[in-house]
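K.L.:
sequence and computational prediction follow.
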Amino acid sequence: MWVRSSVFASFCLVLEVLSVALFLRGFFPVPIKSSFSSKSKLSHLPAEPFTGSAPNLSKVPDPLFKRVVIVLIDALREDFVFGPNGRKYMPYTRHLVERGSTHSFVAKARPPTVTMPRIKALTTGSIPGFIDVVMNLNSPALLEDNLIWQAKTAGKRMVFYGDDTWVKLFPKHFMEYDGTTSFFVSDYTEVDNNVTRHLDSMLKRDDWDILILHYLGLDHIGHISGPHSSLIQPKLMEMDDILKKIHGSLILKEAEGALPYLLVLCGDHGMSETGSHGGSSAHEVNTPLVLISPAFKRKVGMEKPPTVEQVDLTPTLALGLGLPISQNSVGRFIQPVVEEASLRDQLRFLHLNGHQLSCLLKDSMPAYEKEEGYEQFRVAEKSHGNWLKLVLEGNTSEVLNNIGKKVLKQYLEALRVMSAALSKQMGKYDMYSMVVGMGLVFQLLLLLLLAMPEALSGASEVDLPVSSALLSLPFYLLCLLLSSVHMLVCTSAESACYFCSLSWGLVFGAVALSSALLCILVSMAARRGAKPPGKSPSRAGGSGWSLSELDVLLLSGTAGHTLSLSASSFVEEEHQVWYFLLNTLCLVVFQDVCRKYFRERSANIGVVGCSEDEDCLLPSKEGDAVASPLTDLGVMGAGSERWLALATPLLTLACCRLLRSLNQTGVQWVHLPDLGHWLNSSEHKTVLSLLAAMSLALIYFLVQRRCSWVSKIALALGLLGVYSYRAAVGSVVLPWQQSGGNMSKGTMKARFVYVFVLGILFTGSKDLLRSQVITADARLKSRGLWEIYSGVVLLMSLLFRAHNLPVLCCCLLVQSLMAQFIWKKLHYDAAQTTIMHYWFGQAFFYFQGNSNSIATVDISVGFVGLESYVEAPAVFLTALSTYAGPLLWASHLICYLSSENRSSVAVGHGCYCLALLRSVPAAAYVVLVTALRYHLFIWSVFSPKLLYESMHTLLTAAICLIFTTMEQSHSSSRP
């Protein structure tokens with residue numbers, strides 16, 4: 001069955017996306033949970049350990065606190081409180097830390113450092129799975145055992161104000177609540193005022209036991225302008241005043257003889273140097289934890305706060321309120337909280353925590369008895385029983401007190417080891433789903449590789465032996481074999497398997513697909529092996545493949561980048577690889593230009609009709625000219641073209657060097673100041689305004705030349721709207737606007753731009769449809785494509801931050817120069833052009849300031865032009881902005897290959913090459929993360945990169961579908 005290259009490539013990529021999705025479902029583990037469906041109850045708590053005849057010992061310890069107030073400040077970094085600026089940012093809190101009745105800690109949050117997983121960690125004590133990053137957008141109700149459920153069951157009256165993620169996770173748990181959306185990051189004032197407005201009335205009331213306040217303003221400021229913004233200090237001082245008000249009210253209500261209160265100040269995660277979060281840098285994982293209560297000893301000076309895990313707060317609050325610890329908690333009780341209590345009570349709390357961890361250890365590890373922590377706990381429990389027996393017999397010697405302290409240390413060590421063991425066993429991989437997904441991905445990659453000679457041939461068609469494969473005996477035998485293996489695995493699996501839970505129809509479809517792919521691969525491999533030497537197709541039309549220096553660079557660079565993904569350092573600093581490859585590419589292109597225009601020029605002098613001032617290597621054809629801004633300026637003479645071609649790779653190198661200094665990315669040097677930080681500082685706003693205006697003007701100049709006059713007007717007005725929007729949100733200033741004027745959301749101005757974007761897209765789509773349906777006009781089709789491209793550019797201009805507009809400007813400039821003087825004039829074929837577009841797209845992904853950390857995803861662009869959070873457009877705009885570099889270069893590739901002067905098979909070749917370029921690293925990385933699934937950096941480095949690779953594969957599949965449409969319309973227009 002003959003299939004066009006673009007259809008074949010798109011089909012493979014769509015199947016690869018589904019296969020990767022199956023792999024992701026198996027790779028991102030379900031967090032460790034107890035197999036017991038019921039939740040912990042007070043009646044399940046063990047008695048105190050005692051050797052001999054046990055007296056009537058209390059099972060339930062008395063609560064330590066009557067009331068608890070939790071003030072959770074989103075994105076509160078530990079240095080905002082404990083750092084050098086702590087006294088300036090939060091003076092009252094810093095005074096309490098240094099002189100008050102407090103305990104201060106640095107609480108480490110595990111990646112992913114986003115809100116919903118962190119709330120789960122704080123309330124369940126478990127470490128959420130990495131896939132909770134995706135669920136962060138739409139939080140379902142939390143069904144597993146948690147602190148909020150335990151408090152409600154015990155009759156505690158809870159009140160909540162703040163991030164509505166809590167309301168979604170714990171519906172019908174609070175007697176009173178007021179949720180605010182956490183995703184509309186443009187608002188950092190009202191979102192906190194909506195919480196604070198309830199405080200005065202609530203603090204006067206006595207009908208509550210637990211008050212939870214989740215403030216979002218600091219996090220939103222970080223997303224908008226970073227941790228060094230001038231808005232940070234006023235916001236932290238506002239939070240400090242709120243804490244002072246709550247503390248003062250609790251002191252006034254304190255009654256003699258009653259249980260004390262507990263005031264908790266904490267953050268769910270920190271904030272990176274760029275203002276985002278989600279990764280594993282120190283500023284993102286280190287959060288302050290300040291416990292304030294009259295039950296604690298008063299401090300006499302600033303001490304370096306010790307480090308605890310964020311999940312340690314869960315068992316501490318549970319036992320402090322007289323509640324059972326959640327079944328799935330891996331946290332340890334924070335022992336300094338009870339250091340003023342009797343030794344017997346301290347041991348009792350640690351014993352309860354140890355019993356809960358040992359039960360979870362039994363439930364999650366078959367060989368739990370051999371675990372060091374479990375053995376230490378049993379030893380400590382036995383020593384505790386012996387000590388308690390002596391205490392109950394009336395022994396009060398100092399030796400007995402020392403023995404009790406020794407037991408306390410044994411418990412603490414056992415808790416530490418058990419908690420560490422459970423944290424390492426963060427989840428159980430679904431290996432069967434992973435293997436099935438990985439097998440399908442590799443089969444599709446081999447299919448793409450075997451089809452390469454036909455896919456890149458002059459016909460651009462692939463002969464797939466589908467009929468012979470489906471009607472062959474091996475196909476049915478393979479179906480039976482794989483079905484039997486599936487039955488065997490699913491019936492013998494000890495843990496839940498996603499692939500086994502699918503319906504038999506879907507499973508059989510996957511089995512039939514895998515069997516058919518294997519048969520097709522064997523048939524195609526046999527056909528390739530049976531071909532006599534010298535008959536394989538060649539791009540050059542010769543008897544074999546001929547590789548130039550450029551081909552060697554493109555192939556070796558792509559392979560080298562794929563191999564580099566096996567090292568965590570290379571994943572963290574992947575941008576360096578692409579910068580190096582791009583610079584090397586420019587040098588090789590420079591060599592090709594010199595060879596074409598200068599080295600071979602002397603060999604052509606004397607040819608009939610050629611002079612020294614004419615270029616006979618690149619004969620001009622009628623209609624061969626491509627619209628160029630330089631042509632518009634009248635500087636495109638016969639001699640100047642040669643020098644402009646020579647300058648193009650050098651100018652590209654200069655642009656790349658400039659963009660590298662604009663945004664620091666990666667991990668090692670991201671903390672260093674860059675040009676973007678300098679431009680965004682308040683004292684350089686005028687410079688940023690001039691740069692933004694110049695960039696927008698140049699963007700118009702580069703894009704408008706291929707548009708109709710209607711689209712040119714819409715583009716000009718849209719770019720003016722972009723600048724007005726940036727001025728409204730305070731990024732730049734207008735000439736008549738005073739510095740420091742009032743900022744707004746700029747919603748109407750952004751919607752004004754959206755109108756022009758839609759208008760340009762509509763105009764381009766109309767021309768494109770006319771060229772496909774009404775008349776086979778290649779020129780009309782080319783204009784429609786470029787108008788759609790200009791609409792995308794206008795949308796990117798709106799989404800890009802002001803200091804990143806030069807990135808977009810340089811992207812368009814390099815595209816124009818390379819298309820005019822390099823790809824066309826040096827006769828690079830579709831495969832070479834596609835690989836170069838792919839490399840440029842990857843490099844510009846990092847020029848934007850992106851990295852392989854989730855922290856660099858700028859979620860603020862998802863709310864441009866929105867008054868409130870709407871999930872679908874927010875996700876779409878965020879994805880579009882994040883992958884702007886690859887999308888712009890892929891869009892340009894479609895326009896370039898679909899132009900009226902290109903070969904009719906160029907689009908098919910480009911689509912195939914793009915699919916292969918995406919499949920090779922995706923397949924290799926799937927194998928790497930499987931092999932490295934127990935690596936120390938699997939969750940902090942390799943897993944975020946896996947999500948980026950998966951999303952990139954999905955976007956590439958969508959682009960290839962567009963390629964397919966363009967090729968079909970092109971081929972249908974041929975006579």
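P.N.:
Cool, got the structure.

K.L.:
for the stretch 301-450 of the chain, which segments count as strands?
P.N.:
For the stretch 301-450 of the chain, the strands defined by DSSP state E, counting those that start in this stretch cover 307-309, 427-428.

K.L.:
repeat that for the chain.
P.N.:
Counting by DSSP state E, the chain has strands at residues 2-4, 30-31, 67-73, 102-108, 158-163, 176-180, 210-215, 261-266, 286-292, 307-309, 427-428, 461-463.

K.L.:
nearest to residue 911, out of those?
P.N.:
Among the strands of the chain, the nearest to residue 911 by C-beta to C-beta is strand 2-4 (9.0 Å). In short, each C-beta sits where N, CA and C put it, glycine included.

K.L.:
still on that earlier bit, weakest of the strands of the stretch 301-450 of the chain in terms of mean pLDDT?
P.N.:
Sorting the strands of the stretch 301-450 of the chain by mean pLDDT places strand 427-428 lowest, at a mean of 64.

K.L.:
how's the chain carved up into domains?
P.N.:
The record's domain split for the chain, according to the TED database, is 84-338, 341-428, 566-601+639-902.

K.L.:
okay if I get the ones you listed as TSV plus distance to residue 450 and mean neighbour count?
P.N.:
Shown next, in TSV, are the domains of the chain (distance: least, C-beta to C-beta, whole Å; neighbours: other C-beta atoms under 10 Å):
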stretch	distance to residue 450	mean neighbour count
domain 84-338	34	20
domain 341-428	36	18
domain 566-601+639-902	17	20
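
K.L.:
dump those to a markdown table, plus distance to residue 524.
P.N.:
Output for the domains of the chain, formatted as a markdown table (distance: least, C-beta to C-beta, whole Å):
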| stretch | distance to residue 524 |
| --- | --- |
| domain 84-338 | 36 |
| domain 341-428 | 38 |
| domain 566-601+639-902 | 20 |
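
K.L.:
ok, which of those domains comes nearest residue 13?
P.N.:
domain 566-601+639-902 (12.7 Å).

K.L.:
so for the closest one, mean pLDDT?
P.N.:
88.

K.L.:
mind listing what residue 873 touches?
P.N.:
862, 866 (C-beta atoms under 8 Å, 6 or more residues apart in numbering).

K.L.:
and if you look at residue 98?
P.N.:
By C-beta under 8 Å, 6+ apart, the neighbours of residue 98 are 299, 301, 302.

K.L.:
which of those sits closest to residue 858?
P.N.:
residue 302 (36.1 Å).

K.L.:
do you know how far the closest one is from residue 99?
P.N.:
Distance of residue 302 to residue 99, computed by C-beta to C-beta, to the nearest Å: 9 Å.

K.L.:
scan the protein for its longest helix.
P.N.:
Taking DSSP state H as the criterion, the chain has its longest helix at helix 943-973.

K.L.:
can you point out the buried residues in that helix?
P.N.:
Buried residues in helix 943-973, counted by 16 or more other C-beta atoms under 10 Å: 943-950, 952-957, 959-970.

K.L.:
spatially central, which residue of this protein would that be?
P.N.:
residue 854 (3.2 Å; C-alpha atoms, centre = their mean).

K.L.:
measure that one to residue 882 for me?
P.N.:
Residue 854 is 10 Å from residue 882, by C-beta to C-beta.

K.L.:
residue 833 now?
P.N.:
25 Å.

K.L.:
out of everything not next to it in sequence, what's closest to residue 693?
P.N.:
residue 723 (6.3 Å; C-beta to C-beta, 6 or more residues apart in numbering).

K.L.:
so who does that neighbour touch?
P.N.:
Neighbouring residues of residue 723 by C-beta under 8 Å, 6+ apart: 692, 693, 696, 732.

K.L.:
swap in residue 203?
P.N.:
245, 246, 249.
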